[in-house]
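**Q** model this:
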Amino acid sequence: MSKVIRDCWIEFGHFAATFGAFQIFSMRLLPYMPGAFLRPRLISEQIYNIGALSLVLIMFGGLFVGMVLALQSYSTLAEFGQADSIGAFAAEALVRELGPVIAALLFAGRAGSAVAAEVGLMRATDQIAAMELMAVDPIRRVVVPRFIAGVISVPLLAAIFSALGVLGACLVGTGLLGVDSGAFWSQIQGRIDLQDVASGLLKSLVFGISASLMGVYEGYFAAPSAAGVSRAATRTVVITSVWILLFDFILTALTLPEV
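**A** Here you go, the predicted structure:
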């Protein structure tokens, strides 16, 4: 029993030390944020690498999620004579919930792991050490542009995901299930308001910060070996996914509209 308690205490101490190091690392980024926008080329390059190269995955994901939503909701709504509400149901689910969450999870799997692997490889091949020897701050040159690019990219990708999801629901609803297209779009217009859009935007922004910060942190402190880089990429996806689901619950509880 004492061995179990000792092991649990050691694990708790390791978690506390890691969490403290993560907080310190996060605070180190803040002073560089304003100056990073004076070098927009670095940020634009990373937006392309992180965001633009994730577009195909996001677009296909949004399209098929919207199609599935329309198929799954049609039978239930038709029982109550509300088949025309497929568009409103799909749009609200996508804008408030599924768009930000699934887009962020896809981003973490594709771009977050890539950032962690890229920065970790720079650590393993002594590129970061070489920057420090040449008095080039790797936080300013490597970490901050990737972090900012991720924060900018995730809300944009979530919006594209939601838009393609609504389009997918429209294709299935009006083309396959026979829902009137005018009723489909009018239901969306009457249901979705600024609060729904603001809720989705807030979630995607928080998820973008989480995914980007975890990617650069794990990569920057990765062990300088192939196994270390692999672990950094894996930990980025796993921990970011847990964060996204946790923050989604918290933000949903805070932004839930009053009945």
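
**Q** And the strands in the stretch 101-250 of the chain, which stretches?
**A** Counting by DSSP state E, counting those that start in this stretch, one finds no strands in the stretch 101-250 of the chain.

**Q** Tell me the spacing between F221 and M134.
**A** Per Cβ to Cβ, to the nearest Å, F221 is found 21 Å from M134. Any C-beta I mention is one placed from the backbone N, CA and C, and that applies to glycine too.

**Q** Settle it for me: which of these two has more neighbours?
**A** Taking other Cβ atoms under 10 Å, F221 and M134 do not tie; F221 has more neighbours (17 against 7).

**Q** Would you mind listing the residues in contact with the more buried one?
**A** Applying Cβ atoms under 8 Å, 6 or more residues apart in numbering to F221 gives the contacts 21, 25, 123, 232.

**Q** Hmm, the last one is touching L121, no?
**A** No - proximity of A232 to L121 does not meet the contact threshold set by Cβ atoms under 8 Å, at 9.5 Å.

**Q** out of those two, which sits in the busier spot?
**A** A side-by-side neighbour count of A232 and L121, using other Cβ under 10 Å, places A232 first with 27 against 18.

**Q** For that one, give its distance to V216.
**A** A232 is 10 Å from V216, where distance means Cβ to Cβ.

**Q** where do the contact lists of those two overlap?
**A** Counting by Cβ under 8 Å, 6+ apart, the residues touching both A232 and V216 are A116.

**Q** for the stretch 1-150 of the chain, which spans come out with low pLDDT?
**A** 1-19 (pLDDT under 70).

**Q** And the helices in it?
**A** Secondary structure of the stretch 1-150 of the chain by DSSP state H, counting those that start in this stretch: the helices cover 2-29, 33-36, 40-50, 55-79, 86-93, 99-107, 113-124, 127-133, 138, 144-175.
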